[in-house]
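Asks: Could you work out the structure for the sequence below:
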Amino acid sequence: MMEAFFFGPAKQQLFGSYHPPLSGHGRLLTVICPPLFSELARTHGALRKLAISIAEAGQHVLRFDFRATGDSFGDLEEVTVSDWIEDIGLAVREGCEVSGCSKVQILAVRAGALLACASVREASEIQRLVLWDPVADGGEYIEALRRAHAQSVKSDFRLGRAERREAMCDIGGWRASERMLDAFRSLDSSVYSRVPGSKLHIVNTVSENGFSPKEAAVEVLPYPCNWETTGENLINPQPVLERLFACLTKS
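Replies: Below you'll find the model as predicted:
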């Protein structure tokens, strides 16, 4: 069973999907912070599958789309990084109200991990943050997406010269403001050090991610996710999902 709804400010509402525990009276809420841009659609099915499994294990789960992404309201060219950071707080509060839970853990994916750690810091209600392939540096992430998108545009012979020039301004097919991109570039690995390491559990699918927060639990589970591509191939790595499930359901 799942309940889909909108929440938040009237003109900036977020789309949420609430999965109640299949049985019992779960006391823990898991909020899932998705990745951004093309990675959002590519992981949608996997995160939905994971949410269902966690709910079947007895937890409350809330998935949501950041402002101006997915089914949430907003214009991406008007949204700021601070808006997305605020969205996480809105999702946690909404999830607590819907579920009645006072204890929360967060699963954050890729750039969603940067935003989650910038949002929660030492928030007392957050018990744990499980991060799947967290982005180490916002600027490098944006440039990697740009390079992959540029390569895709160059090889698309269906586009005319003017269309190709226009498309080259996108980030993985998305049009974001320079203000947004500048703010994103200011986010780096120092964001993770703002959260107590004892609250962090990181699951990487590559051996190097460029940072290692003190006291954080870090696992490497080699599996090719191919994040930095512009293809439409879905990311649904069963071994990784099983590991994330184990992290999120351990007592």
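Asks: Walking through the chain, point out its strands one by one.
Replies: Ranges of strands in the chain, per DSSP state E, are 3-7, 14-19, 28-33, 60-64, 103-109, 126-132, 200-204, 217-220.
Asks: Would you single out the least confident of these?
Replies: The stretch with the lowest mean pLDDT among those is strand 217-220, at a mean of 91.
Asks: For it, which outside residues touch it?
Replies: For strand 217-220, the external contacting residues (Cβ atoms under 8 Å, 6 or more residues apart in numbering) are L200, H201, I202, V203, N204, T205, V206, S207, S212, R243. Every residue, glycine included, has its C-beta placed from N, CA and C.
Asks: picking up where we left off before, now the strands of the chain as a markdown table including mean neighbour count?
Replies: Output for the strands of the chain, formatted as a markdown table (neighbours: other Cβ atoms under 10 Å):
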| stretch | mean neighbour count |
| --- | --- |
| strand 3-7 | 13 |
| strand 14-19 | 22 |
| strand 28-33 | 26 |
| strand 60-64 | 26 |
| strand 103-109 | 24 |
| strand 126-132 | 23 |
| strand 200-204 | 21 |
| strand 217-220 | 14 |
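Asks: Would you convert these into JSON lines that also reports distance to R194?
Replies: Compiled in JSON lines, those are given as follows (distance: least, Cβ to Cβ, whole Å):
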{"stretch": "strand 3-7", "distance to R194": "26"}
{"stretch": "strand 14-19", "distance to R194": "24"}
{"stretch": "strand 28-33", "distance to R194": "16"}
{"stretch": "strand 60-64", "distance to R194": "22"}
{"stretch": "strand 103-109", "distance to R194": "14"}
{"stretch": "strand 126-132", "distance to R194": "11"}
{"stretch": "strand 200-204", "distance to R194": "11"}
{"stretch": "strand 217-220", "distance to R194": "17"}
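Asks: I85 is nearest to which of the ones you listed?
Replies: Closest to I85 of the strands of the chain, according to Cβ to Cβ: strand 28-33, at 10.4 Å.
Asks: what sits up against the closest one?
Replies: Against strand 28-33 from outside (Cβ under 8 Å, 6+ apart): 47, 50-51, 54, 59-64, 66, 88, 91-92, 95-96, 99, 101, 103-109, 112-113, 115-116, 127, 248.
Asks: hmm, 6 Å instead?
Replies: Residues outside strand 28-33 that contact it (Cβ atoms under 6 Å, 6 or more residues apart in numbering) are 47, 54, 59-63, 88, 91-92, 95, 99, 101, 103-108, 112, 116, 248.
Asks: where do the helices sit along the chain?
Replies: 38-56, 81-99, 111-120, 138-154, 161-167, 178-185, 238-249 (DSSP state H).
Asks: Kindly provide the distance from A68 to P222.
Replies: With distances taken as Cβ to Cβ, to the nearest Å, A68 is found 34 Å from P222.
Asks: Correction: the previous question concerned L181.
Replies: 31 Å.
Asks: neighbour count winner among those two?
Replies: More crowded of L181 and P222, by other Cβ atoms under 10 Å: L181, with 16 against 10.
Asks: Setting aside sequence neighbours, what's the nearest residue to the more buried one?
Replies: I142 (5.8 Å; Cβ to Cβ, 6 or more residues apart in numbering).
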